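Trainee: All I have is the shape, not the residue letters:
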């Protein structure tokens with residue numbers, strides 16, 4: 001994966017880049033560490049805007065990592081200090097992207113390891129389920145739990161997600177999980193990689 005270069009922001013589906021090539025999208029609950037994870041994996045400190053205030057990412061942001069290869073940062077879902085109509089606009093925008101984008105080859109989902117899998121995360125997976133899109137789960141903020149506690153949480157979340165899921169504990173501070181996430185992205189963006197996940201066993 002090359003160093004990402006900002007391509008454009010989209011406030012509506014009509015603003016998306018041409019739907020060709022391959023994309024990997026980052027998505028997660030507000031304040032789950034999504035933008036921080038993207039920056040850490042990309043190796044660019046200020047690629048995606050980071051804030052302690054939920055809802056900082058308000059548009060879908062596209063970054064080019066090669067010819068017809070892109071990373072995509074989606075607005076966080078769930079709590080955000082914005083008007084209801086703005087939150088609903090984000091939901092429609094993200095659902096449109098995730099359910100219809102042909103170039104989408106994989107999705108990185110950030111889950112705060114302390115909170116686990118929420119009802120909103122499960123709703124996201126229901127959107128993606130019929131498409132068979134490849135999904136990798138980053139259990140973010142793993143450094144905020146002790147080693148034993150983080151392993152226990154990983155086992156609990158893995159059990160809820162079921163088999164055949166890519167899952168790794170992640171910390172932007174210690175770089176835990178960064179190599180694994182980069183490997184997923186490189187594989188999904190590869191020209192000969194299948195766009196759909198294989199059947200679960």
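Mentor: Here it is on my side, so go on. Everything numeric in this text was worked out from a predicted model, so none of it was measured.
Trainee: Could you use CA atoms for every contact and neighbour count after this?
Mentor: OK.
Trainee: gap between the helix or strand residue 71 falls within and the chain center?
Mentor: If you go by DSSP states H and E, residue 71 is part of strand 69-73. Mean C-alpha position of strand 69-73 versus that of the full chain (Cα atoms, centre = their mean, to the nearest Å) differs by 10 Å.
Trainee: Stretch 151-162 - what's its average pLDDT?
Mentor: Mean pLDDT, computed over stretch 151-162, is 91.
Trainee: The helix or strand following the strand holding residue 71: how far from the chain's middle?
Mentor: In the C-terminal direction, the helix or strand that comes right after strand 69-73 (DSSP H and E) is helix 84-100. The chain centre lies 15 Å from the centre of helix 84-100; the measure is Cα atoms, centre = their mean.
Trainee: With stretch 102-115 instead?
Mentor: Counting by Cα atoms, centre = their mean, stretch 102-115 comes out at 3 Å from the chain centroid.
Trainee: same question, stretch 154-166
Mentor: On Cα atoms, centre = their mean, the centre of stretch 154-166 falls 17 Å from the chain's centre.
Trainee: Run through who's touching it.
Mentor: Outside stretch 154-166, the residues within contact range by Cα atoms under 8 Å, 6 or more residues apart in numbering are 113, 116, 117, 135, 136, 137, 139, 167, 168, 169, 200, 201.
Trainee: hang on, the fourth one in a strand?
Mentor: Read that as residue 135. Yes. Judged by DSSP: H, G, I helix; E, B strand; the rest coil, residue 135 forms part of a strand.
Trainee: Residue 76 reaches residue 31, doesn't it?
Mentor: Yes. The pair residue 76 and residue 31 qualifies as a contact (Cα atoms under 8 Å) at a distance of 7.4 Å.
Trainee: which helices and strands does the helix or strand bottoming out on mean pLDDT in the chain pack with?
Mentor: None of the helices or strands of the chain scores lower by mean pLDDT, DSSP states H and E than helix 84-100, at a mean of 77. For helix 84-100, the elements it packs on are helix 119-128, judged by 3 or more Cα pairs under 8 Å, 6 or more residues apart in numbering; DSSP states H and E.
Trainee: contacting residues around the residue nearest to residue 135 when sequence neighbours are not counted?
Mentor: Nearest non-adjacent residue to residue 135, counting by Cα to Cα, 6 or more residues apart in numbering: residue 107, 4.8 Å away. Counting by Cα under 8 Å, 6+ apart, residue 107 touches 24, 25, 26, 27, 133, 134, 135, 136.
Trainee: if we go to 7 Å?
Mentor: 24, 25, 26, 134, 135, 136 (Cα atoms under 7 Å, 6 or more residues apart in numbering).
Trainee: Any idea what it is bridged to?
Mentor: Counting by DSSP bridges, residue 107 is bridged to residue 25, residue 135.
Trainee: per-residue confidence at it?
Mentor: 95.
Trainee: again with residue 196
Mentor: 65.
Trainee: what's the angle from the least confident helix or strand of the chain to helix 119-128?
Mentor: 40 degrees (axes from the mean of the first three to the mean of the last three Cα atoms, to 10 degrees).
Trainee: Outside of helix 84-100 itself, list whatever touches it.
Mentor: With Cα under 7 Å, 6+ apart, helix 84-100 has contacts from 12, 13, 74, 75, 127, 128.
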